[in-house]
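> Provided below for reference: sequence and predicted model.
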Amino acid sequence: MKRNNNAMTPTPATEGAAAHKERADPSLEVISYAVAALANAYSEARDKAKLLPRLTAASVRVAALADLDEAEEQLTRLARMQKEATRLAAEHLERKKQLSCQAVALTPSTDWKDARSTLDRLMHEWRLTGWSDDAATAPFRKAFNDAVATFTRRQEQWFDEQRMRGAPIGEYREYLCTRTEQLLDETDDTMWAAASERLKQLAQLWKKKARHEEDTVLSARFAAAERAFEAHRDAWYDANRARKEKLLRRVETLTDTTSGLAWEAARREVADIEEHDWRDAGQLPHDQHEIMEGELRSVLATFHVRQGEMEHEALKQKEKIVARIQALSRRPLDNWKATRAVLLELQQAYTDVGPVAASSEADLLQAYRAACQAVVGKLGTLRGNGTEKRGDVIRLIRELTDRAGKGVSWRDARDKVLILQKQYMGTGPVAHAEGEALWQEYRAVRDRFFELYRSWTGDNVEVKEQLCTEAEALLSERDPFEAKERAKKLQQRWKFSGPVPPEENEALWSRFSEAVDKVFGRARREWSEL
């Protein structure tokens, strides 16, 4: 027999806290998984500052979904990444401010060659500088782009003036080739559409000047620059399309495979795809953009329909669990330990079902907590009479021990003691010291009963061995019919002779039944002959 641990059972208040912890654990698992995935993306990101908005949003969500004590570890982990990302974003913003000031300073320059070279370098550095807050960066980006546009316009006007004054046409074509070649280096991931329009303008100017005089070397150079730009632009569009298609497939996979608690993490992931990842995947040509946006709306609609179906199913399952807990609170509590185990099992089942719609969550959670509290409160009522019930069990086992074999048969006494053991295990909780003393007393009287019971079963071995000997002696009886009648009486005596230890029971029964079967077989043969 295992030792009973009810003496150390927590109070009803502790029970409520344990129940709350049981409910919170699955949410903490989901939060831990989401934070781990975000930390993995952060460690692999080339520009860690770019993840700052997602880190900030994750911190808000974690703080809202779990108690601060339960989520402290995850919030601390997010805070470390958020602090570093904030520092990097501030450094990027400061660098963009410096680049903007340098570009503005070049606007009035008339040293076209050196100024253009410096401006190209600044544009390249701007493109390589990492992420910073869009709202904070906007004025510096505008000043930088205006400075580039102003200088470019002044430079083109100067070239136009020189051409009008009779400057060599080849010099102007050289300028167009250089601008077309530089366009690729100046373009970042946010400027491909504008750069494509600029390339069209340069191509029109080239065709306009090519009417007067053809230069095969410069023409080949300009065509090569055009092809290089278009190849890089198309490759960029292809990469963007591949990323967007991957995001579409991810949403479809989540729609088809998500179940249970995973819906909360899936909902957040789809929200991140819709709010951040889709935009970060990059631009597409207008016709492709419309097609991909339509596909995104379609898969998102399918996901949300499926999510609604699962939330409705989860609501029905949770309502059934709440009803079962309410029924448990109304049922007589015959066994404290079993009732507590059922409550914990239902609480675990409730948390494993998965999320429900936000509109139904508040009322459902209120009903669930009220039902749990009703059961916990009822369990608390057992605390006062737990000691009395355990004492009654001990007293009854002691009385059965004294009466066994006298006023009560050993077999009946054993059955009643087994029932009393279950009752002892199901009594309510008691204080630790008092429960320990009762356990020692209970174990002593229980062990005493079974010691005497085993002694009685040992005595029955001699009785059954004597019955076996008498049955075997009947095989020598002269009258087979008289032997048959005496064998029937031996069977009745065997039936009421009492149990024996299991390890000897089979051998004794085989010996006895074999002898009796032979006696009956002899009588049948004699009768057939007559």
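Looks like it came in fine. Residues are numbered from 1 along each chain as shown.
> domains in this protein, as residue ranges please.
45-167, 170-261, 387-529 (automatic domain parsing).
> any chance of those in CSV, with mean pLDDT, mean neighbour count and distance to D272 too?
Glycine gets a C-beta too; all of them are placed from N, C-alpha and C. Converted to CSV, the domains of the chain look like this (pLDDT from 0 to 100; neighbours: other CB atoms under 10 Å; distance: least, CB to CB, whole Å):
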stretch, mean pLDDT, mean neighbour count, distance to D272
domain 45-167, 83, 16, 7
domain 170-261, 80, 15, 10
domain 387-529, 78, 15, 47
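> TSV please, covering those and showing distance to K320.
Output for these, formatted as TSV (distance: least, CB to CB, whole Å):
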stretch	distance to K320
domain 45-167	24
domain 170-261	16
domain 387-529	26
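> tell me the SS of E245?
Secondary structure assignment for E245 (DSSP: H, G, I helix; E, B strand; the rest coil): helix.
> what's the distance between it and S196?
The gap separating E245 from S196 is 22 Å, by CB to CB, to the nearest Å.
> same check, this time on W439
Distance of W439 to S196, computed by CB to CB: 85 Å.
> and if you look at H286?
In terms of CB to CB, H286 sits 11 Å off from S196.
> over to D111?
Distance from D111 to S196, by CB to CB: 29 Å.
> also F151?
21 Å.
> what are the boundaries of the helices in the stretch 51-200 of the chain?
Using DSSP state H, counting those that start in this stretch, the helices of the stretch 51-200 of the chain run over 52-65, 68-106, 112-128, 134-164, 169-186, 192-210.
> ditto for the stretch 351-500 of the chain
358-380, 386-403, 410-425, 432-473, 480-495.
> can you put these in JSON lines and add distance to L315?
Output for the helices of the stretch 351-500 of the chain, formatted as JSON lines (distance: least, CB to CB, whole Å):
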{"stretch": "helix 358-380", "distance to L315": "5"}
{"stretch": "helix 386-403", "distance to L315": "38"}
{"stretch": "helix 410-425", "distance to L315": "37"}
{"stretch": "helix 432-473", "distance to L315": "42"}
{"stretch": "helix 480-495", "distance to L315": "60"}
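> tell me which residues of the helix or strand containing A349 are tucked away?
Taking DSSP states H and E as the definition, A349 sits inside helix 336-353. By 16 or more other CB atoms under 10 Å, the buried positions in helix 336-353 come out as 336-337, 339-340, 342-343, 346-347, 350-351, 353.
> for V463, state which of those residues is nearest.
K337 (40.2 Å; CB to CB).
> from T253, how far out is V445?
63 Å.
> correct me, but L346 touches Q326?
No: using CB atoms under 8 Å, L346 is not in contact with Q326, being 10.4 Å away.
> show me the contacts for the closest residue in space to P285 that isn't next to it in sequence.
Closest residue to P285 apart from its sequence neighbours, by CB to CB, 6 or more residues apart in numbering: Y237 at 6.2 Å. Residues near Y237 by CB atoms under 8 Å, 6 or more residues apart in numbering: 192, 282-285, 288.
> turn those into TSV, including secondary structure.
Formatted as TSV, the contacts of Y237 follow (three-state DSSP):
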residue	secondary structure
W192	helix
G282	coil
Q283	coil
L284	coil
P285	coil
Q288	helix
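> average pLDDT across stretch 319-339?
Confidence over stretch 319-339 (mean pLDDT, whole number) is 82.
> could you dump it to PDB, C-alpha only?
What follows is stretch 319-339, C-alpha atoms only, in PDB (Å, rounded to 0.1, in the frame of the first residue of the first chain):
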ATOM      1  CA  GLU A 319     -19.300  25.500 -22.600                       C
ATOM      2  CA  LYS A 320     -19.600  21.700 -22.200                       C
ATOM      3  CA  ILE A 321     -16.600  21.600 -19.800                       C
ATOM      4  CA  VAL A 322     -18.100  24.500 -17.800                       C
ATOM      5  CA  ALA A 323     -21.400  22.600 -17.600                       C
ATOM      6  CA  ARG A 324     -19.500  19.500 -16.300                       C
ATOM      7  CA  ILE A 325     -17.700  21.600 -13.600                       C
ATOM      8  CA  GLN A 326     -21.000  23.100 -12.600                       C
ATOM      9  CA  ALA A 327     -22.500  19.600 -12.300                       C
ATOM     10  CA  LEU A 328     -19.500  18.500 -10.300                       C
ATOM     11  CA  SER A 329     -20.200  21.300  -7.800                       C
ATOM     12  CA  ARG A 330     -23.700  20.100  -7.300                       C
ATOM     13  CA  ARG A 331     -22.800  16.400  -6.800                       C
ATOM     14  CA  PRO A 332     -22.300  14.900  -3.300                       C
ATOM     15  CA  LEU A 333     -18.600  14.900  -2.500                       C
ATOM     16  CA  ASP A 334     -18.100  11.300  -1.400                       C
ATOM     17  CA  ASN A 335     -14.400  11.200  -2.300                       C
ATOM     18  CA  TRP A 336     -12.400  14.500  -1.800                       C
ATOM     19  CA  LYS A 337      -9.400  13.300  -3.700                       C
ATOM     20  CA  ALA A 338     -11.300  11.900  -6.700                       C
ATOM     21  CA  THR A 339     -13.300  15.100  -7.000                       C
END
